[in-house]
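In: Below: sequence and its predicted model.
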Amino acid sequence: MVDRIREIGRDRVPFSVEFYPPRDEDAEARLWRAARSFEPISPAFVSVTYGAGGSTRDRTIRVVGQLAEETTLLPVAHLTAVGHRVGELRALVGAFADRGITNLLALRGDPQGGVHNEWVKHPEGLEYAVELVELIRELGDFRVGVASFPEGHPRAGGLDRDTANLVAKLRAGAEYSITQMFFDVEDYLRLRDRIVAADAEQGAKPIIPGLMPITSVRTVRRQVELSGSQIPAGLLERLTAAAGTGPQENRDEVRKIGIELATRMSERLIAEGAPCLHFCTLNFARATSEVLANLGMAVPT
């Protein structure tokens, strides 16, 4: 996967997109419309998430397999340790391998309800993501990525501890990290600085910034609640004012702010040497395509 980023990056800064496993037929159709929309503009990869508490295991395997078999897209499967025995994790890695999936994003995972809920290790499972990285690397020739947190993971106990955790995952064999969504580029740059200062060799590995073009105040509030990231106060005030006070938010005005912000953040990240731009799409293509068009990288759909 890192090779794919470098290859695409010879001509332009690459981008990637994140999908969620669909919950019903309408959501399934939406995901495939988005996938087909992105396919002609050659994302470096597409990742498919693994629901909190392992709730979307079977759907994740199926969707990732179909993406590999039915499109030209390079899929990266999220895999979490939460709620699984070690034996189940071994079987899941094998199930991905059987579908030809060798790119995995190794995550400890969030409990049901989001990152702030209590984490409980399965009595026959793993405690930390670094253990999952080690397990995957033991099982075969997989390309492994991990998560990183520009603002620090809420349960890490501070930025120093969070930095040490990421360095440990990279030393264990992870080849890159994808950040949790953030809305201040300085947070990403300081994360990158911390990793280089802690271990220059690991700091040379790609840290891919995670972005979400905001299209709804309600949606972004829910996403940051689940992820543990923060919306800067000034940005939240702008979004809230644009949404209005009526029973239905003014999504057109919110979208304008969200697309403008994601575009400006992307431009700054490109200027600062980010290796790739990773967009959380919520299985919609339009907002991300508009940002890419603003960057001269795609035609909006």
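Out: Good, I have the coordinates.

In: what does the average pLDDT come to for the longest helix seen in the chain?
Out: Among the segments of the chain that qualify as a helix by DSSP state H, the longest is helix 251-271. Averaging pLDDT along helix 251-271 yields 97.

In: again with stretch 46-56
Out: Stretch 46-56 comes out with an average pLDDT of 73.

In: so where do the helices sit in the stretch 51-200 of the chain?
Out: 57-70, 86-98, 129-139, 159-171, 185-198, 200-203 (DSSP state H, counting those that start in this stretch).

In: possible to save the ones you listed as JSON lines with mean neighbour count and distance to residue 272?
Out: Using the backbone N, CA and C atoms, a C-beta is placed for each residue, glycine as well. As requested, these are arranged in JSON lines below (neighbours: other Cβ atoms under 10 Å; distance: least, Cβ to Cβ, whole Å):
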{"stretch": "helix 57-70", "mean neighbour count": "18", "distance to residue 272": "30"}
{"stretch": "helix 86-98", "mean neighbour count": "16", "distance to residue 272": "33"}
{"stretch": "helix 129-139", "mean neighbour count": "20", "distance to residue 272": "26"}
{"stretch": "helix 159-171", "mean neighbour count": "19", "distance to residue 272": "19"}
{"stretch": "helix 185-198", "mean neighbour count": "17", "distance to residue 272": "6"}
{"stretch": "helix 200-203", "mean neighbour count": "14", "distance to residue 272": "14"}
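
In: Same list (those) but as CSV, adding distance to residue 224.
Out: Formatted as CSV, the entries for those read as follows, by distance: least, Cβ to Cβ, whole Å:
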stretch, distance to residue 224
helix 57-70, 23
helix 86-98, 28
helix 129-139, 21
helix 159-171, 17
helix 185-198, 13
helix 200-203, 27
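
In: Would you mind saying which of those helices lies nearest residue 294?
Out: Shortest distance between residue 294 and the helices of the stretch 51-200 of the chain, using Cβ to Cβ, is found for helix 185-198: 16.1 Å.

In: Please tell me how far the residue in the chain sticking out farthest from the centre sits from residue 258.
Out: Ranked by distance from the centre of the chain (Cα atoms, centre = their mean), the top residue is residue 246, with 32.6 Å. Summarising the geometry, the distance separating residue 246 from residue 258, computed by Cβ to Cβ, to the nearest Å, is 19 Å.

In: about what we covered before: out of the helices of the stretch 51-200 of the chain, which gets the lowest mean score?
Out: Considering these one by one, the lowest average pLDDT is found for helix 57-70, at a mean of 88.

In: need the contact list for residue 159.
Out: Contacts for residue 159 (Cβ atoms under 8 Å, 6 or more residues apart in numbering) come out as 152, 194.

In: One more: the one 4 residues further on?
Out: Listed by Cβ under 8 Å, 6+ apart, the contact set of residue 163 reads 194, 195, 198.

In: Quick check: the second one touching residue 201?
Out: No: applying Cβ atoms under 8 Å as the test, residue 195 and residue 201 come out as separate, 10.2 Å apart.

In: Report the contact partners of residue 281.
Out: 17, 18, 19, 34, 287, 288.

In: Having no further points to raise, I will conclude here.
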